[in-house]
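Attaching a predicted model along with its sequence, questions to come.
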Amino acid sequence: MLNPLSIPIGAVKGFFGRELTTFQTQIRPDQVVQILSHDPRSKNWKNLAADLRKMYEYLQRKTTRDRRESTAEYIEQRLAPEAITIGAFPAICIGMVRPGTFKPITEDESSPLAAVGTLHLELSDSNRRIILDGLARVTGALEVLERSDRDLRVGDWFSFPVTIYAPTRDAVTLEQLGQLFHDFNFLQTPVSANQAIALDKSDLYIQLTNALGRSETLKRNGGMEERAASLGTKSTAIVVQRVLLRFVRGATEGRKFQESNLSRTDTPNLSSNNFRDIQKRLEEFIAAFADRMGAERFKDRDSLHLSAPGWQVLGLVFHDINFRLDDRVPIRHAEVLDRLAQIDWSRYNPDWIGMLGEPERHPVTQQVITDERGRQRVAISRAGRTTIAAMLKYVRGKSGISDFLGDAREELDDEDVEAEGV
């Protein structure tokens, strides 16, 4: 007879070796606590039985506020009915210490349907159940469910894919299940930051970066290259995805947000609601700048506006005129773009010498490299943040923006203050 303390769950049965059985299923976010018979969030660990609390504290990291909020934001931005693009979660994993009772829909073991049936999940205290992987996803979903300021029916938006791990024959301990957590989280090969950015479609800033990479202006002039740290000699692109992402982050949220892909802001300018509007404004900004420079100058990869610091500075100029300057400030965007295009962005601009680095020398003769007009070519040698700070001050001055920033000027760290000369 089936244990009366059980719930039926439609599942597909599988196995790993002779000792471990798996059951694949789907459950709504609001059913997770029911399946576990406890709330797994770190804020509730103190209320758990001693053995469960010990395992969670040993196995899991406490879910930080930023991680909870980012997961909740992902759910609201990517899985809600008004989402601008698709979203999904990988399966969460639940381990239980006792074998599962499974009733297949057919007794014919040769049939592929023999693996499909009903798992009668035992809810007794003796069948301890614990989340092995996916705690942050569950925490974010439960946080959204508890929001009181919105009428959210998260269970209508998505269901978690779940893999339940259970012993095939004899009961196991929570400590033995803990080995699976170790296997899932440590026996893996990390990907590079460039690969992670290329593969991540959940971040609004990465989505916007990819949209710009597909814009007519960039495609016409060589396009964006994914997964590379820098442009190789054989590349025909004018920017790598990682650099364009910094442009986007600076253009939307400013300098501090630009410096790290892990930075967050409580009041972002970019949201799913205005995504298309900001995309259009950024595309128009790049297109207008390119038109004013002319095709030959704009797509010259040796020019500093297409360097990593140059892209970041251009993003901050967009941020200045779209988010920092008051509408009452008498400065026209077209005038700023005219002045931007008139800047000598070549490496032979005499203003760069000393500001960004020293004259470049030939690697063999050690002679200073000059152009046909005798102007020295700069070799950028200062630290990245210092280079950006110096170039930004120069470009703001040349474009006329610095005359209007006033008290809106950003706070700078010590290194940037030195570069700005303030």
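Here it is on my side, so go on. Residues are numbered from 1 along each chain as shown.

okay, CA-based contacts and neighbour counts for the rest of this
OK.

Give me the distance between the spatially most central residue of the chain and residue 117.
By CA atoms, centre = their mean, the chain has its centre lying nearest to residue 203, at 4.2 Å. For residue 203, the distance to residue 117 equals 37 Å [CA to CA, to the nearest Å].

before we move on, what about residue 332?
67 Å.

Check residue 337 too.
65 Å.

so where's the stretch 151-300 of the chain uncertain?
Low-confidence segments of the stretch 151-300 of the chain (pLDDT under 70): 151-155, 182, 185-202, 261-262.

And the helices in it?
All helices of the stretch 151-300 of the chain, identified by DSSP state H, counting those that start in this stretch, fall at 174-186, 193-199, 204-213, 216-220, 241-253, 255-259, 275-293, 295-298.

tell me the most buried of those?
Among these, ranked by average contacts under mean count of other CA atoms under 10 Å, first place goes to helix 241-253 (a mean of 26).

Export only the CA atoms of stretch 122-142, formatted as PDB.
The C-alpha coordinates for stretch 122-142 follow below in PDB (Å, rounded to 0.1, in the frame of the first residue of the first chain):
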ATOM      1  CA  GLU A 122       6.500  10.500   0.800                       C
ATOM      2  CA  LEU A 123       6.100  13.600   3.100                       C
ATOM      3  CA  SER A 124       7.000  11.900   6.400                       C
ATOM      4  CA  ASP A 125       9.700  13.400   8.700                       C
ATOM      5  CA  SER A 126      11.800  10.300   8.100                       C
ATOM      6  CA  ASN A 127      12.100  11.100   4.400                       C
ATOM      7  CA  ARG A 128      14.200  14.200   4.700                       C
ATOM      8  CA  ARG A 129      14.200  16.400   1.500                       C
ATOM      9  CA  ILE A 130      16.700  19.200   0.800                       C
ATOM     10  CA  ILE A 131      17.500  21.500  -2.100                       C
ATOM     11  CA  LEU A 132      20.800  20.400  -3.700                       C
ATOM     12  CA  ASP A 133      21.000  23.100  -6.400                       C
ATOM     13  CA  GLY A 134      18.900  26.100  -7.300                       C
ATOM     14  CA  LEU A 135      18.300  27.700  -3.900                       C
ATOM     15  CA  ALA A 136      18.800  31.300  -5.300                       C
ATOM     16  CA  ARG A 137      16.300  30.600  -8.000                       C
ATOM     17  CA  VAL A 138      13.800  29.300  -5.500                       C
ATOM     18  CA  THR A 139      14.500  32.200  -3.100                       C
ATOM     19  CA  GLY A 140      13.900  34.800  -5.900                       C
ATOM     20  CA  ALA A 141      10.600  33.200  -6.900                       C
ATOM     21  CA  LEU A 142       9.400  33.000  -3.300                       C
END
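
And for it, what's in contact with it?
Under the contact criterion CA atoms under 8 Å, 6 or more residues apart in numbering, stretch 122-142 has outside partners 3, 5-7, 29-30, 32, 35-37, 40-41, 52, 60, 63, 67-72, 75, 89, 91-98, 100, 154, 174, 177-178, 180-181, 184.

For residue 391, which non-adjacent residue is closest in space?
Computed as CA to CA, 6 or more residues apart in numbering, the closest residue to residue 391 that is not its neighbour in sequence is residue 313, at 7.1 Å.

So that neighbour versus residue 219, what's the distance?
According to CA to CA, residue 313 stands 21 Å off from residue 219.

And for residue 205?
With CA to CA as the criterion, residue 205 and residue 219 are 19 Å apart.

Helix or strand: which one has residue 311?
helix 308-319 (DSSP states H and E).

Using PDB, write down the CA coordinates of that helix.
Output in PDB follows, covering the C-alpha atoms of helix 308-319 (Å, rounded to 0.1, in the frame of the first residue of the first chain):
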ATOM      1  CA  ALA A 308      38.200  50.500 -25.500                       C
ATOM      2  CA  PRO A 309      38.600  53.800 -23.600                       C
ATOM      3  CA  GLY A 310      37.100  55.700 -26.600                       C
ATOM      4  CA  TRP A 311      34.000  53.600 -26.700                       C
ATOM      5  CA  GLN A 312      33.600  54.000 -22.900                       C
ATOM      6  CA  VAL A 313      34.000  57.800 -23.200                       C
ATOM      7  CA  LEU A 314      31.400  58.000 -26.000                       C
ATOM      8  CA  GLY A 315      29.000  56.100 -23.800                       C
ATOM      9  CA  LEU A 316      29.500  58.600 -21.000                       C
ATOM     10  CA  VAL A 317      28.900  61.500 -23.300                       C
ATOM     11  CA  PHE A 318      25.600  59.900 -24.300                       C
ATOM     12  CA  HIS A 319      24.800  59.600 -20.600                       C
END
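
Tell me which other helices or strands that helix touches.
Counting contacts by 3 or more CA pairs under 8 Å, 6 or more residues apart in numbering; DSSP states H and E, helix 308-319 is packed against helix 241-253, helix 384-399.

and those as CSV, adding distance to residue 298?
What follows is those, written out as CSV (distance: least, CA to CA, whole Å):
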stretch, distance to residue 298
helix 241-253, 15
helix 384-399, 16
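
Out of the ones you listed, which is closest to residue 166?
helix 241-253 (42.3 Å; CA to CA).

can I get the CA coordinates of that closest one in CSV?
Only the C-alpha atoms of helix 241-253 are listed here, as CSV (Å, rounded to 0.1, in the frame of the first residue of the first chain):
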residue,chain,number,x,y,z
GLN,A,241,31.0,42.6,-27.4
ARG,A,242,32.8,43.1,-24.1
VAL,A,243,33.8,46.7,-25.0
LEU,A,244,30.4,47.6,-26.4
LEU,A,245,28.8,46.3,-23.2
ARG,A,246,30.9,48.9,-21.2
PHE,A,247,29.7,51.5,-23.7
VAL,A,248,26.1,50.5,-23.0
ARG,A,249,26.5,50.4,-19.2
GLY,A,250,28.1,53.8,-19.2
ALA,A,251,25.6,55.3,-21.6
THR,A,252,22.6,54.2,-19.5
GLU,A,253,23.8,54.3,-15.9
